[in-house]
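# Structure here, sequence nowhere to be found:
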DNA sequence: TTGACATGCAACTATATGGTTGCATAATTG
DNA sequence: CAATTATGCAACCATATAGTTGCATGTCAA
């Protein structure tokens, strides 16, 4: 949970995911191509993405191929974002009422 | 984008959102109730949630009332996570192929 | 076997983060 | 007005993070 959101909270990592979205099975060297960062920097980011299970890897000889792993993200984030969806729907009807309800006691005094 | 994911990448902040999900319009003092942290700590977290637009506030006298703001999250995250959804669907059919395709050249050699 | 290539590991630096405490300010109550 | 209450601001600390460089290891090709 924390790992996933934390992994996504970085532009470089989101860019790496974009690249893997465009084309899976890229090696570290592939992903370093045109990336404004040292190889080690990219490797670290990929490590974080791996640990968050957003990227899965597959060794092939001396090359480590990286793939986008969409499954856990879909499961976890969706469930969590769903909570916001619910709130969103509720908000359409309740948001203003909610505020007004909380204001009422004070407003009554103000009115008096 | 970064702000939103970063804000969500912390258990304390997710807990605060949970609380606001249960009941909107809580003040800082309300939210501190039973929270294992100093008031300033909570205030900082709320500040981060505000900056990420996940929480909106409404001043009322000396009380700052906090509300879950589901709209921007729904919009932004959904669009971004949607990309993963696409990959997820594609993955159901392509994931193994993708790997196998990348293995083929080497496997042919191995086979030969 | 030797050299080249892909990656990993470790140490280091600067800055960001999560948390604290202390004091200042603004609004409510009596 | 005075006391209380709700919040904000600032400094500080420990640790984590993003990035670097240098070297070690493992795999492929000639």
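Cool, got the structure. None of these values were measured; they are calculated from a predicted model.

# Can you list phi and psi of whatever residue of chain A ends up closest to DNA strand D for me?
Taking CB to the nearest atom of the strand, DNA strand D has its nearest neighbour within chain A at residue A:61, 2.1 Å off. For the C-beta atoms, the positions are set from N, CA and C on the backbone; glycine is no exception. Main-chain torsions, residue A:61, degrees, to the nearest 10: phi 60, psi -130.

# With residue A:56 instead?
Dihedral angles (degrees, to the nearest 10) for residue A:56: phi -120, psi 150.

# mind listing the strands in chain A by residue range?
Here chain A has its strands, by DSSP state E, at A:55-60, A:63-68.

# Spell out whether the first one and chain B are in contact.
Okay, so that is strand A:55-60. Yes. Against chain B, strand A:55-60 shows contacts by CB under 8 Å from any CB of the partner chain at A:58, A:60.

# That strand pairs with which strands?
Using DSSP bridges, the neighbouring strands of strand A:55-60 in the sheet come out as strand A:63-68 (antiparallel).

# The closest residue to residue A:69 other than its chain neighbours bridge partners, please.
Distances taken as CB to CB, 6 or more residues apart in numbering or on different chains place residue A:56 nearest to residue A:69, at 4.3 Å, with adjacent residues excluded. Under DSSP bridges, the beta-bridge partners of residue A:56 are residue A:67.

# Do a quick rundown of the helices in chain A.
A:2-8, A:11-22, A:28-32, A:39-51, A:70-111 (DSSP state H).

# deepest of the ones you listed, which one?
helix A:2-8 (a mean of 20; mean count of other CB atoms under 10 Å in any protein chain shown).

# Point out the most buried one among the strands of chain A.
strand A:63-68 (a mean of 21).

# does any part of that strand sit near DNA strand C?
Yes. Strand A:63-68 reaches DNA strand C (CB under 7 Å from any atom of the strand) through A:63, A:64.

# hmm, that strand in reach of DNA strand D?
No. Taking CB under 7 Å from any atom of the strand as the criterion, strand A:63-68 and DNA strand D are apart, separated by no less than 7.7 Å.

# Just send the strands of chain A back as CSV, with mean pLDDT too.
Listed next are the strands of chain A as CSV, based on pLDDT from 0 to 100:
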stretch, mean pLDDT
strand A:55-60, 96
strand A:63-68, 96
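
# can you list these in JSON lines and add distance to residue B:78?
Below are the strands of chain A laid out as JSON lines (distance: least, CB to CB, whole Å):
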{"stretch": "strand A:55-60", "distance to residue B:78": "22"}
{"stretch": "strand A:63-68", "distance to residue B:78": "18"}
